[in-house]
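Structural data only, the sequence is not supplied:
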């Protein structure tokens, strides 16, 4: 199982994002929801950064970044927050405890709605025009097995 905020984990997250959703997830929501996702996907371009504000020691970076072209993740990497601040179209950040909550099964829509992952960089309207795309991306990441740095 890859460690949290490692290159191996980032690559596993990208693979999950690019095949999302599995049939079981697709059948759990209305077809119109997925039609909306499919309509928005081609408009998603740029870099999304997902950062941990207080990452415990032991990781090489504190931010997972994805580059998107027409809704497909074309690269994924772990970088330092300062690098992500300079290059991200959108940057979401949350505490390590909130990331642990997400990996424990906490609803990813609530992660954004209740500001556990907050948009700290990027145009708010543009981000929320694709809000369900982004929450499904978080749901894909949530399924990637990961060894956290500090157990819950």
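Cool, the structure landed. The shown structure was predicted, so the numbers you read here are calculated from the model rather than taken from an experiment. Numbers count the residues shown, from 1 in each chain.

quick one: residue 129 and residue 40 touch, right?
Yes: in this structure, residue 129 is within contact of residue 40 by Cβ atoms under 8 Å, at 7.5 Å. C-beta: built from backbone N, CA, C; applies to glycine.

Comparing these two, which residue is more hemmed in?
residue 40 (16 against 13; other Cβ atoms under 10 Å).

Identify the residues contacting the residue nearest the centre of the chain.
Nearest to the geometric centre of the chain sits residue 138, at 4.2 Å (Cα atoms, centre = their mean). Residue 138 is in contact with 102, 108, 111-112, 117, counting by Cβ atoms under 8 Å, 6 or more residues apart in numbering.

quick one: it and residue 86, what's the gap?
From residue 138 over to residue 86 the distance is 23 Å, taken as Cβ to Cβ, to the nearest Å.

again, but for residue 47
10 Å.

same thing with residue 1?
31 Å.

With residue 98 as the reference, measure out to residue 115.
For residue 115, the distance to residue 98 - Cβ to Cβ - is 9 Å.

Give me the more crowded residue out of the two.
residue 98 (19 against 11).

Got phi/psi on the more buried one?
Dihedral pair for residue 98: phi -70, psi -40, per degrees, to the nearest 10.

Have a look at residue 47 and residue 86 and say which one is more surrounded.
Neighbour count, other Cβ under 10 Å: between residue 47 and residue 86, residue 47 has more, with 17 against 10.
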